[in-house]
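Provided below for reference: sequence and predicted model.
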Amino acid sequence: GAGVSQSPSNKVTEKGKDVELRCDPISGHTALYWYRQSLGQGLEFLIYFQGNSAPDKSGLPSDRFSAERTGGSVSTLTIQRTQQEDSAVYLCASSISSGLGNTIYFGEGSWLTVV
Amino acid sequence: RKEVEQDPGPFNVPEGATVAFNCTYSNSASQSFFWYRQDCRKEPKLLMSVYSSGNEDGRFTAQLNRASQYISLLIRDSKLSDSATYLCVGVTGGGNKLTFGTGTQLKVEL
């Protein structure tokens, strides 16, 4: 596609359920990022992929969070046993590579509400 | 202390005014910087890169002061359409990690 595509765009889930968020980066982009933004807050770095490997997963808030990327393309972010504090918009971004100065492009986000 | 700090605002300015935002960073290893714009309930979009020599794009001017560890964004002749949140971004780790400030909200009014 022309841009970064994320699904679902909106998800309401019950506390304790698992959710899976998907990101389809711009074709040919090797670097992929996941960020989280809570209401009225800044962007919080979660994890970064270069190809299929994740050199930096330092931002994952707990072991309930995991992410993978296959085929150097699509990535999924999985949140197990969701909690209310997980409610946020989860933004995926990609760039052609991870070098300095490369523009990163964001998807429209997956809005997660845990009730 | 946050790695990238911004005044959250809001900055309420009349149309046509000049407005300036500053952003400070604590990680001296930060290698490059950007300003992103984020509209309400939308994803961030790149506004411009920030260079030590200054970077101008139309009504927008960005500046980096490494000695004082701050980045600035100047908007001249502000338009209603400039109303948004402006995010300061520092890049470390060889370009792998982008650290966002919490953003400065701008409201341009008639």
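Received the coordinates, thanks.

so which bits of chain A are right by chain B?
Residues of chain A found near chain B (C-beta under 8 Å from any C-beta of the partner chain) are A:31, A:33, A:35, A:41-43, A:45, A:48, A:50, A:55-56, A:91, A:97-109. Every C-beta, even on glycine, is put in place using the N, C-alpha and C of the backbone.

which among those count as buried?
Restricting those to buried positions leaves A:31, A:33, A:35, A:42-43, A:45, A:48, A:50, A:56, A:91, A:98, A:102, A:104-109, with burial counted as 16 or more other C-beta atoms under 10 Å in any protein chain shown.

for chain B, what's the longest strand?
When chain B is parsed with DSSP state E, its longest strand is strand B:84-92.

ok, the one helix or strand in chain B whose mean pLDDT sits lowest near chain A or not?
Within chain B, no helix or strand scores below strand B:97-100, which has a mean of 84 by mean pLDDT, DSSP states H and E. Yes. Using C-beta under 8 Å from any C-beta, strand B:97-100 comes into contact with chain A via B:97-100.

columns distance to A:Val74 on top of those, output as CSV?
Output for those, formatted as CSV (distance: C-beta to C-beta, whole Å):
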residue, distance to A:Val74
B:Lys97, 22
B:Leu98, 21
B:Thr99, 26
B:Phe100, 24
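
circling back to that earlier point, pull the least confident helix or strand of chain B out as CSV, backbone CA atoms only.
C-alpha atoms of strand B:97-100 as CSV (Å, rounded to 0.1, in the frame of the first residue of the first chain):
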residue,chain,number,x,y,z
LYS,B,97,15.5,5.2,18.5
LEU,B,98,13.4,8.3,18.2
THR,B,99,12.5,10.0,21.5
PHE,B,100,9.5,12.2,21.4
